[in-house]
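J.: what follows is a protein structure lacking sequence information:
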């Protein structure tokens, strides 16, 4: 496929529009470190978010490598169980709150103003603050690794009472760092909502916005709705641990199961917070490289809204074996199955967009297509997990681990990478190195499937999750998984190489870097100057 | 009012016509959609709960 | 950069931010409101086998002589509390509608005064809706001196609307310490202590 | 192909043939419910496969047929309400078709009819305790795999990590009601062949039931993360014919009575040390370490612990009653008087703790009996 890439659009046929011609000169801010500390520019903050997210992706990845190295063979070889539990917990927390969510916020910072023709985010100083909360939060979280008693070791879902009465002393710091990360997300969400609702260029209606902007708007509302619930839950934990309340302690009239209800009332929408912007990115990339408008734009918007609403009604499907009454099991089984409908609509729309298009397979498209296939596989296992009686067998096994890694790694992470490849020409003015990107893609796809596909078998055969050592019949699956994980992990170094090379040089990209691209960001020069759209661009409706 | 209900229904269903959504977003007020959305969300909860309790018999 | 926006836009942004902040505060309060809501929900639906923690009135209805339900009673201790709790009867067969009494003995086997409470749980959880406790020691804390014994009754009724398919109801009491625990001077040296 | 893979992997892992994967799928199991769940699982799996073939077929057809390198020109359509309504309705119908058998199976699993035997299952970090309600038989079931197998010093047995010192014995063809609860954190009792997985929540009871069709030994594990040794608390169920079960139950009652007799005699220090070392190894060593060094701060050292050595009553109280709000459980109901006396004696005389004191089972029994 690789060698048949079409010729790139040439520089002349896509001169930047007048609106995008803002010059770089009038940047008089501080230089050096201080410039980055104090910046209020959406592009610089976007880059900071993305760099932060990439470093967290590697730190969380190293933790995953420790886990996989220990699980390479049965028996305990490298680490002790208590450290193993800290690794799985930190891996989950860092990947969810430190890698995936900040990456999407970074992409939103960069691209939402560019896609709606706004000069910057609505609240630039707040934007700076919400970014700098993150390094503080995660430095604090990582520092728990060297505290006496070790880091949090109760899984990223931190079920009480393991995370309260039986938790290590560092739990208070964990709660504090999660509060900071939560505040950062909330502020980011407020900013994104304010930007999208108020700063669209004249003439752009809501239904003219790109799908990426739409999905982020809905995601931001989800964040506003559920991050306070997370804050509430961890505050209750804090009170239980340090002030003798008993929200989750049966001894004082509390209920450990209440913790799970509250956590998953946050947790399930949180899952969609991590996937809706991915839907948006893919919905932008596929039409570009199919050179055909997105099929069912309106349905896509409505399906996203539908998924967001339903996500509040399904939380207890994570708790099918906790002892729910029959009616509750049925309710949550039915409501969960319903989510398959709007999700299916999205997949059908993407495929119909491909149908009778004029397809090319540049790196962003490769990742977007892998997203569609592999996310759908994750959707299938999700449907199986929704069937409550069968979930009595699947629950808390590697089948679940396989499921959510399929939707999060080749799902959310691949979409982020697709977005990065897609917008790198806009950010740096250079195309990413094609060969290297293709190597990165194929090694990632093979690595991801080698890692996560055998997990389905291990789970069905009876392997519980979160164990440092396992019975002999799971040995083969685990060895393949570990080999795949190392392969996937190492191939991400290629991603860094591609990005670094692209920043430093490479084939020059014109303003409109991809010939099928339609959105406003392609009307400003590449690389995008620091200030864009200081006078709102003209927008002709009905591009969509 | 009927238009608002129909549009919100379409959102639950996940399918909407291009022409219709143009109308939604040029004419409707956001608050109407939000209120209708919440009410119909509740209606959906009750409907699923009803089906579940009938099935549990 | 708000400075660059026109007055209308600035007002719009301020309004949006104000609204989202209200929504945020609302959701935070809602999270805490979920705790009592959950308790109410549990009591209405019988979720999780929680029983009322107040004495309930007897429902006056004739006992259903055609139906017999086994009521199992299990008592459990918990760590850090040198007490025993024994039910005088471990199993009673009752007709729905009829009220019955089971006696329990608490005893403090330790050498210090301690306070504890027996926390109930019912299985199947649906049955908790139909289990009415007319008198129970589980409504309050018990305080026992070293070696003190204390007898207390549980008077309960399984109402006739108990679903037909329920043949056995299990009521478990777990004794939990409610005071700070033993006052050891070298607490950090404690054997199982959390330091 | 699969053989080559597994053989190759087995070779490089240096393990015996037992490593060859024997299960790729959910076990069919040995109860009616497990069979139903398995067939539900397979039905939904095949439905997903069919949908996958159709969807991915259409996708890959488009990917090959409409490539620009083959001269494809993009068409210009972007909505079609009828098609969209159809592909929304068809999944709804498929889902309804899935929900019907799933609902039926779920109702079977929630059947609350009278059981022939009630067993209370209590999770405790990190072991299971089983008590046969109304039968006065109760025991603890601990991991039986040796630490040297875990560390790799000795070869791993066939049932590595899935063997216990005392399995739960259940009769076949009788309905057994399982009541679950926990002493500390949430555990989850799971045996795949029985299709029973139920959380054990501290302070609350859950129930599930099982009617086993075939005698045999069925193995499972704790499924909910419960702390450090979560991987090391297996479940083993030995299902036997009802007559054999009744015999076994009678034997257990007899054995319990015999143990009572041993309480009254005077025990020698050596005898207690020997018995205590066994008990320590199965119960205490996982936290306080085989050499008594503990892993502070959560699990204090016992070797050279002055507070414990100076005050035998404190030592006894801690072991018998546990420490509230910590990982130290009360062993009052888990161990009998002989075991308690032996393990306390052992802790007071091992690893350089040379008190020379023998704690007599009779004294412990007196303490427990007041209870």
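T.: On my side now, so go ahead. No experiment lies behind these values; they were computed from the predicted model shown.
J.: average model confidence for the helix or strand where residue A:47 lies?
T.: When elements are assigned from DSSP states H and E, residue A:47 belongs to helix A:42-70. In this model, helix A:42-70 carries a mean pLDDT of 96.
J.: can it be said to contact chain C?
T.: No - if you take C-beta under 8 Å from any C-beta of the partner chain as the test, helix A:42-70 misses chain C, and the best it gets is 8.8 Å. Backbone N, C-alpha and C define where each C-beta goes, glycine included.
J.: for the nearest residue to residue A:75 once chain neighbours are set aside, what are its contacts?
T.: Closest residue in space to residue A:75, ignoring its immediate chain neighbours: residue D:152 at 4.7 Å, by C-beta to C-beta, 6 or more residues apart in numbering or on different chains. Listed by C-beta atoms under 8 Å, 6 or more residues apart in numbering or on different chains, the contact set of residue D:152 reads A:75, A:76, A:77.
J.: and the first one, what pLDDT?
T.: Residue A:75 carries a pLDDT value of 92.
J.: what sits against it?
T.: A:469, D:149, D:150, D:151, D:152, D:156 are the contacts of residue A:75 under C-beta under 8 Å, 6+ apart.
J.: could I get these as TSV with distance to residue D:122 and secondary structure?
T.: What follows is those, written out as TSV (distance: C-beta to C-beta, whole Å; DSSP: H, G, I helix; E, B strand; the rest coil):
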residue	distance to residue D:122	secondary structure
A:469	24	coil
D:149	27	helix
D:150	25	helix
D:151	29	helix
D:152	32	coil
D:156	29	coil
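J.: is chain D contacted by the helix holding residue A:47?
T.: No - residues of helix A:42-70 contacting chain D under C-beta under 8 Å from any C-beta: none, with a closest distance of 10.8 Å.
J.: buried set for that helix?
T.: Of the residues in helix A:42-70, A:42-50, A:52-54, A:56-61, A:63-70 count as buried by neighbour count, 16 or more other C-beta atoms under 10 Å in any protein chain shown.
J.: one more: stretch C:114-121?
T.: By 16+ other C-beta under 10 Å, the buried positions in stretch C:114-121 come out as C:114, C:116, C:117, C:118, C:119, C:120, C:121.
J.: of these, which is the nearest to residue A:361?
T.: Proximity of the buried residues of stretch C:114-121 to residue A:361 (C-beta to C-beta) peaks at residue C:121, which lies at 59.0 Å.
J.: what about the strands in the stretch 51-200 of chain D?
T.: With DSSP state E, counting those that start in this stretch as the criterion, the stretch 51-200 of chain D has strands at D:117-124, D:127-132, D:137-141, D:168-171, D:176-182, D:187-191, D:196-200.
J.: between those, which one is closest to chain A.
T.: Closest to chain A of the strands of the stretch 51-200 of chain D is strand D:196-200 (C-beta to the nearest C-beta; 4.8 Å).
J.: for chain B, longest helix please?
T.: helix B:30-56 (DSSP state H).
J.: tell me if that one is near chain C.
T.: No - Helix B:30-56 does not reach chain C (C-beta under 8 Å from any C-beta); its nearest approach is 9.9 Å.
J.: so which elements touch that helix?
T.: In terms of contacts (3 or more C-beta pairs under 8 Å, 6 or more residues apart in numbering or on different chains; DSSP states H and E), helix B:30-56 is packed against helix A:326-354, helix B:2-13.
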